[in-house]
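Student: Predicted model and sequence below, questions to follow.
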Amino acid sequence: MKSLLASTCLTAGLFFGLSAANAAECGTVTIASMNWASAELLANVDDFILRNGYDCDSSIVLGDTVPTLTSMAEKGQPDIAPEAWYSLRPPITQKNIDEGKLIVAGKAFEKGGIQGVYVPKFIVDENPEIKTVADAVKRPDLFPNSDDPSTAAWSSGPQGWGGTVVLSQYYKAYGAEAAGFANVDTGSAAGHDGSLIHAYEAHKGWIGYYWEPTALLGKYDMVRLASGAEYDAAEWDRCNKVDNCPDPKPNDWPADAVDTIVTRKFAEGSGPALDYIKSRTWPNELVNRMLAWMADNQATGEDGAKEFLSQHKDVWTKWVSPEAAGKIEAAL
């Protein structure tokens, strides 16, 4: 019995010593949770995996893109920004990356942030000739305008959105007005979503601006139409994203890089935890579905993380080491 007890104590001592060593290697980690649903989901998944799989002393701090990335470069805190959209970053961020103060550890989303011209999938299924924006413009009869039945509705979005500017320029570039479309200001985020939902649930056509990953595209099966044009960066900057530019041309809408950014301290001192961050890239379609689940269940980011980890083992186990996977499963 004394031998068994001594052996047990030795084994326990080695285990807890190893855990302490791992915690010391990973250290204290702070993770930024931005004020939108996908960022909350990513932050909570990272927190659970780092804390339970890699023995990090991790915690979540609230923030938004500009102050978070500025603080990371100037103060070294927080350590991780899981979802940093390129178009939302302050100009100084690229300088900080170039100087090595911040490190791009990997992609947050496999396809990046997608924006463009969307239509319901049933429209494409019932009209297979519609593959591009130009194809849809030829069929104004499919996109009724409830405010003015004599025209079709081109739903650009509310004033003030960057996407609304681009879609209004697409309206000109693809000749939508001459084809019989009215450029509709949907008034607000809720009004824009409402116009899509109302049309979809009535099995009516809708064409307009949307983006992903979002909860709405996790719930409603929408298709992003091809632009039918190659991406021309100079033309995009000259006119496509410039409000009231008089002569836009058809152009491909580029995906927005959405990266996970970490501090140099985390990159150099977190050990295997950094390998997880480098490997962790979310499929866009899965993020859509998770956000829809969160919206339907009025779930928090923490709720979403637990749902994801319990239901999508086939995804997250590819991001972590076998040892970490076992610890995470046990914690769940």
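Tutor: It's in.

Student: contacting residues for the residue nearest to Trp282 when sequence neighbours are not counted?
Tutor: Once flanking residues are discounted, Trp282 sits nearest to Phe109: 5.4 Å by CB to CB, 6 or more residues apart in numbering. For the C-beta atoms, the positions are set from N, CA and C on the backbone; glycine is no exception. Residues near Phe109 by CB atoms under 8 Å, 6 or more residues apart in numbering: Pro213, Val258, Thr281, Trp282, Pro283, Asn284, Val287.

Student: I'd like the distance between the third one and Lys241.
Tutor: In this structure, Thr281 lies at 27 Å from Lys241, with CB to CB, to the nearest Å as the measure.

Student: hang on, Ser59 packs against Asp46?
Tutor: No - using CB atoms under 8 Å, Ser59 makes no contact with Asp46, being 11.0 Å away.

Student: Just want to know which of these two has more residues nearby.
Tutor: Between Ser59 and Asp46, counting by other CB atoms under 10 Å, Asp46 is the more crowded of the two (25 against 13).

Student: what helix or strand does Ala199 sit in?
Tutor: Using DSSP states H and E, Ala199 maps to helix 189-201.

Student: Show me which positions of that helix end up buried.
Tutor: Buried positions in helix 189-201, judged by neighbour count with 16 or more other CB atoms under 10 Å: His192, Asp193, Ser195, Leu196, Ala199, Tyr200.

Student: quick one: contacts for the third one?
Tutor: Put plainly, it is Ser195. Taking CB under 8 Å, 6+ apart as the test, what Ser195 contacts is Ala153, Ser155, Val184, Thr186, Trp206, Gly208.

Student: same thing but 7 Å
Tutor: Contacts here follow CB atoms under 7 Å, 6 or more residues apart in numbering; on that basis Ser195 touches Ser155, Thr186, Trp206.

Student: I'd like the C-alpha coordinates of the helix holding Ala199 written as CSV, please.
Tutor: Provided in CSV are the C-alpha atoms of helix 189-201 (Å, rounded to 0.1, in the frame of the first residue of the first chain):
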residue,chain,number,x,y,z
ALA,A,189,-29.7,47.7,-40.7
ALA,A,190,-33.0,46.3,-39.4
GLY,A,191,-34.8,47.7,-42.5
HIS,A,192,-32.3,46.1,-44.8
ASP,A,193,-32.6,42.7,-43.1
GLY,A,194,-36.4,43.1,-43.0
SER,A,195,-36.6,43.7,-46.8
LEU,A,196,-34.6,40.5,-47.5
ILE,A,197,-36.5,38.4,-44.9
HIS,A,198,-39.9,39.6,-46.1
ALA,A,199,-39.1,38.8,-49.8
TYR,A,200,-37.5,35.5,-49.0
GLU,A,201,-40.4,34.2,-46.9
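
Student: Start the count at 32 instead of 1 going forward.
Tutor: Shifting the count to begin at 32 puts that one at helix 220-232.
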